[in-house]
Structures are given as structure tokens and as C-alpha cells.
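*Asks:* Give me a 3D structure for the following:
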Amino acid sequence: MDLLTEVNQHQMPLRHVVDNAEKAIQVAKDAEMAVRHAQLESNPKKLSSSIQQLETAQRAAEQAQSQLDAQISDHHHQHEQELKQVQEQLTQSMQSIEVTGGNTEQPKQVR
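*Replies:* Reported below is the predicted structural model:
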């Protein structure tokens, strides 16, 4: 039973991995939107909260990326194209998070 549990944890179901990645992409989009809104409103409290949301999104994206990498390297199955497509979307999402996060560190213009 122990070995079976270990194998199941190592080889997560493909659907679960893809769902996690897609959820991470959506969380990243939501976090980026929250940062942009807070910047537009010049609301420091909202900006601080949204930056934390962005950091959480980044961790979720990194975890999903790791799960996808494991699936792609563990299996050569018929879903390889879907995995690679989701992986590409996730990579773009992570790059977008970095850009958005970088933009929050710039000094604000004085009005």
C-alpha cells in the first residue's frame, strides 16, 4: 500500500496537473489585474495586498510548472501536445508576473 501511494503521488493524474496549471494561469491574470488597478488608483494598501497576491500566484505557477515538467519527462503519451501547450501558456504567465512585479518597484510619479 505504501508503494502504491508513493507512485500515485509521484505520477499525479494528467488531468489534475493540467487543471493546476490552468488554475495557476488564471490566478496570475487576476493578481496582475489587481496590481494594475491598485497602481491606477494609487492605493498603497491595495497595492501591498495585490503584490502579495502576485507572489502567491508566482509560487502556484512555479509549482504547476514543476508538475508539468515531471509529467512530460515521466510519460510519452498522447497528451504530450496538450501538456506542452499548457506549459507554454504557464511560461508566458510567469514572465508576465515578473514584468508586473518589476513594475511595482518603480518609484511613483509625483502629481
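*Asks:* Let's verify the most centrally placed residue in the chain: helix, strand, or coil?
*Replies:* Geometric centre of the chain, nearest residue: residue 61, 2.3 Å, by C-alpha atoms, centre = their mean. Using DSSP: H, G, I helix; E, B strand; the rest coil, the three-state assignment for residue 61 comes out as helix.
*Asks:* From residue 20, how far off is it?
*Replies:* According to C-beta to C-beta, to the nearest Å, residue 61 and residue 20 sit 10 Å apart. Any C-beta I mention is one placed from the backbone N, CA and C, and that applies to glycine too.
*Asks:* List the residues that contact the nearest residue to residue 83 once chain neighbours are set aside.
*Replies:* The spatially closest residue to residue 83, leaving aside those adjacent along the chain, is residue 72, at 5.4 Å (C-beta to C-beta, 6 or more residues apart in numbering). Contacts of residue 72 were listed using C-beta atoms under 8 Å, 6 or more residues apart in numbering, and they are 80, 83-84, 87.
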